[in-house]
Structure formats: C-alpha cells, structure tokens
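K.L.:
from the sequence below, what's the structure:
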Amino acid sequence: MAISCASQPTRIAPEIETAGAATSYGTVSIVGCEDYQKKNSLVLDCDARSNELSEELKSLHLFSQVIIGREKATDYFIRLKPYDRYPYYSRIGHNPGIFILSIIIPFWQTSTYGYDFEIFSKHSKVNIRINTLYEGTDILWSGSLLINLSSKRGIPRSHSMAEKAYLKNTIINALTAKTFNK
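P.N.:
The predicted structure is shown next:
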C-alpha cells in the first residue's frame, strides 16, 4: 500500500555566541505589528501572527512570561515586521483530492517560514531586528520518504523542531549582544 508523505526544508540552528547566556530573560510583551497592506484575505492579520509568535516564544522557555499587548512591567518589547503568513488549512495537504493524488503525483507549494520582528528593552535605546524568515518548498508525494533522507529536508515535525532551535539561538545571540546591553 502506498502512502503520501510530506517533506519540508530544514536549517541548522546558529551556534550560541555567548557561553554564559541566561536561561530566562524576564518578561516580554508583543506590542503589535507595523502597518502594511495584506496581499489577500487569506493572509493572517496582526492578532493571529502575534498569537502564533506568542505560542512559539512560550514553547522556547526563554522568557518567564509572554504577554500580548503593551505591559509597562515587562523587560522586553516585540513589534512584528510586515510578512505574509497563511493559515494552515490553506496548505496543499488539506485538500482531500490532492492528498489522494499525491500518492502518485508530486505536488509542491512555496511557503514562508520563520518570523521577523524587532525586540527592544526598556533599559536600552537599541532595537535589534530578528529576522528568521526564509522561503521553502513543501512537497506532498509518496516519494518524499526518500527526499527526507537529505539533511536539508525533513518531515513537518523535524522541521518545526529545527525552526524552534534556530529562533531560540537567534534570540539568545541578540539579547546577549554587547550593543543591545548598553
């Protein structure tokens, strides 16, 4: 019996540059998004992207608390930069016809992964931009089992774990940078 399999791009997380990096950086508030024009009605709005980033930051355990909205008592603030993110249900794997056909015929879709935001501290006048955005091609096909053997590809769960490590190490490097802590 043939089955369909998904394949997504993966990346290697950057090394943590500071040996004595803290395990918790206090609290962070996601204060919203910069204004921009959405390409179409499927693109997620600021609230949805803020919620998505909030859940991701909570799962990283870098901050003792992640708050959506301006909170004066927080240590750091995040403002999202413009980028397009589509809801999960708009992806190729959610169409039953394509899913069945993908046993024989490969289907692909380009997706944007990662986040783009600015983080700033109430103790510093420096804003640091954290941009982990990149585009990758998702492949839905039974042959994806073989494609996933490549070190640059993986099943969706391995992709998600690699992205979390990438985001976590990028944030740690930014928060421990000498220019940020002036």
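
K.L.:
look up phi and psi at the residue positioned nearest the centre of the chain.
P.N.:
With distances taken as Cα atoms, centre = their mean, Gly114 lies nearest the centre of the chain, 3.1 Å away. Main-chain torsions, Gly114, degrees, to the nearest 10: phi 90, psi -170.

K.L.:
count the neighbours of Pro96 for me.
P.N.:
Using other Cβ atoms under 10 Å, Pro96 has 8 neighbouring residues. All C-beta atoms are positioned from the backbone trio N, CA, C, and that covers glycine.

K.L.:
can you check the one 10 residues further on too?
P.N.:
When neighbours are defined as other Cβ under 10 Å, Pro106 has 15 of them.

K.L.:
Phe99 versus that one, what's the distance?
P.N.:
For Pro106, the distance to Phe99 equals 13 Å [Cβ to Cβ, to the nearest Å].

K.L.:
any residues in contact with both of those two?
P.N.:
Common contacts of Pro106 and Phe99 (Cβ atoms under 8 Å, 6 or more residues apart in numbering): Leu140.

K.L.:
could you pull up the residues touching Leu101?
P.N.:
When the contact criterion is Cβ under 8 Å, 6+ apart, the partners of Leu101 are Phe107.

K.L.:
test my guess that the residue nearest to the centre of the chain contacts Thr132.
P.N.:
Yes. Assessed by Cβ atoms under 8 Å, Gly114 is found in contact with Thr132 at 3.6 Å.

K.L.:
no more questions from me, cheers.
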